[in-house]
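>>> predicted structure and sequence below. I'll ask about it afterward.
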Amino acid sequence: MDRETRTFAERHFRSLEGRVLGGGAAPARAAFIAAPAAFSYADFVRGFLLPNLPCVFSSAFTEGWGSRRRWVTPAGRPDFQYLLDKFGDVIVPVANCGVQEYNSNPKEHMSFRDYISYWKEYIQGGYSSPRGCLYLKDWHLCRESTVEDLEDVFTLPVYFSSDWLNEFWDALDVDDYRFVYAGPKGSWSPFHADIFRSYSWSVNICGRKKWLLFPPGQEEALRDCHGNLPYDVTAPVLLDARLYPRFQHSSPPLEVLQEAGEMVFVPSGWHHQVYNLDDTISINHNWVNGYNLANMWHFLQQELQAVQREISEWKDSMPDWHHHCQVIMKSCSGINFGEFYHFLKIIAEKRLLVLGQGPEVFKDSPGPGLGQQQAAFDVSRLVEVLTSLITHPDFQRVDTSTFSLQPEELLAQLKDAMSSTAAL
């Protein structure tokens, strides 16, 4: 990040006065970015991160990826033999697209070898099987591979290199939000928004996808009479005004056709539904950074409120009711207020190191380097969200006595660093 882009971004967030990124009405079409040489990180910040708009990057951005050369046959189809030789014994999660379980699909685990055997049989059966349409989803290939192996698979685009979510999990060394998806023509993902209202990027290694994208807020017109979002936004049942009383007021989605090699950027809070139009393999990341951190924090507040409403009748009779709400929130959402503070703390400490010692402290890290302008911008976003967290009544009920650094101390350090970065 350069100084001019940092100044522009900080001014943008000051103008929001604490409001989260939206998306407005869906554009008529997603912007298409053709040439890497003509598109900078600053262009991405101004054109897509700050306005929270989707775009599609051409296959030129991924043409050097090892996976695009080795995972795919000359005809552009999955190279099953290469993939079997490389990953045959790995255990992978597989969803059944033909079975609805709440607003998702049930999953099982099988060896990659068994899944490829199923996939071949599914193709030979005319894209049909008594076992249903099975879709390999959320395979943590990065977590199970060495850095050297990953360098032969893909190169993280600079536009997505400020990735706090995976930086946090890499620090803990227990999880990540980097995935491989692979499935036959006709496999699909039901209507959803990405975890924690994160961004996502998705590259088709081979095959094509169709995306249906809805800007933040437009999903409200798709809720049924009980307030639930649909499983499938194309289902005829949505036309029943008794069940979906607001559907007639809904806007059509932004439709994106993603070709092989192309990269789709999905902004924060955009609900979407995705179809594989061919036999398709894709690499996908969920990520959070300073640009959508406030969106994540807003989402977590909504999640806690939902839990509190659900068990409100026990508020007066349940000892430690507020603590139990945090426990339930963790179970349902994967994170609670205490862990959100820990997330902020780990990112903050790394940014303070960069500002104190210079970007060379990151030179040996597996990810891209972190410049001081980016670190200074990150600190400004951390200050805003951490201030809001500390003053939140429910966070004030969290027991912070065992925290290695008290929230007020961390905030003071960040504010000091923010003051000193004015001259950068």
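Perfect, I can see it now.
>>> rest of the way, CA atoms for contacts and neighbours
Will do.
>>> helix, strand, or coil at the most centrally placed residue in the chain?
For the chain, N286 is the residue whose C-alpha lies nearest the centre (CA atoms, centre = their mean; 2.5 Å). Counting by DSSP: H, G, I helix; E, B strand; the rest coil, the backbone at N286 sits in strand.
>>> show me this protein divided up by domain.
Using automatic domain parsing, the domain parsing of the chain gives 22-287, 293-423.
>>> how many neighbours does L293 have?
24 (other CA atoms under 10 Å).
>>> and it, what does it touch?
R381, V385 (CA atoms under 8 Å, 6 or more residues apart in numbering).
>>> what pairs with the residue nearest to the centre of the chain across the strands?
Following DSSP bridges, N286 is listed with bridge partners S200.
>>> which secondary structure element contains G338?
Take DSSP states H and E as the rule and G338 turns out to sit in helix 337-357.
>>> can you give me the buried ones in that helix?
337-338, 341-348, 350-352, 354-355 (16 or more other CA atoms under 10 Å).
>>> do the same with stretch 25-32
Buried residues in stretch 25-32, defined by neighbour count with 16+ other CA under 10 Å: A26, A30.
>>> what comes into contact with it?
The contact list for stretch 25-32 (CA under 8 Å, 6+ apart) reads P54, C55, V56, F57, S58, F214, P215, P253, L254, E255, V256.
>>> by neighbours, which of those residues wins?
P54 (28 neighbours).
>>> give me every residue that touches that residue.
Here P54 is in contact with A30, A31, F48, V264, F265, V266, P267 (CA under 8 Å, 6+ apart).
>>> what's the PyMOL line that selects buried ones from those?
A single PyMOL command selects the buried members of the contacts of P54 (16+ other CA under 10 Å):
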select buried, resi 30+48+264+265+266+267
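>>> S282: which of the contacts of P54 is nearest?
Comparing those against S282 with CA to CA places V264 closest, at 10.7 Å.
>>> dump the residue contacts of the closest one.
Counting by CA under 8 Å, 6+ apart, V264 makes contact with P54, C55, V56, F57, W201, S202, V203, Q258.
>>> go again using 6 Å as the cut-off
Contact analysis of V264 by CA atoms under 6 Å, 6 or more residues apart in numbering lists V56, W201, S202.
>>> for L213, see how far away the residue nearest to it when sequence neighbours are not counted is.
In this structure, V264 finds its nearest non-sequential neighbour in V56, 4.6 Å apart by CA to CA, 6 or more residues apart in numbering. As judged by CA to CA, to the nearest Å, V56 and L213 stand 13 Å apart.
>>> circling back: if I've got this straight, the residue nearest to V264 is in a helix?
No - checked against three-state DSSP, V56 lies outside a helix; its state is strand.
>>> could you measure from it over to K86?
To K86, V56 is 30 Å away according to CA to CA.
>>> what pLDDT does the closest residue to G183 other than its chain neighbours get?
Once flanking residues are discounted, G183 sits nearest to Y135: 4.8 Å by CA to CA, 6+ apart. pLDDT, Y135: 98.
>>> do the same with V20
Confidence at V20, expressed as pLDDT, is 79.
>>> still on that earlier bit, of the domains of the chain, which stretch is the most buried?
With neighbours defined as mean count of other CA atoms under 10 Å, the domains of the chain peak in mean count at domain 22-287, which reaches a mean of 18.
>>> chain center to that one, what's the gap?
From the chain centre to the centre of domain 22-287 is a distance of 10 Å (CA atoms, centre = their mean, to the nearest Å).
>>> any idea which of the contacts of stretch 25-32 is the one closest to C225?
Nearest to C225 among those is F214, at 19.8 Å by CA to CA.
>>> show me the contacts for that closest one.
Applying CA under 6 Å, 6+ apart, we find F214 in contact with P253, W270, H271.
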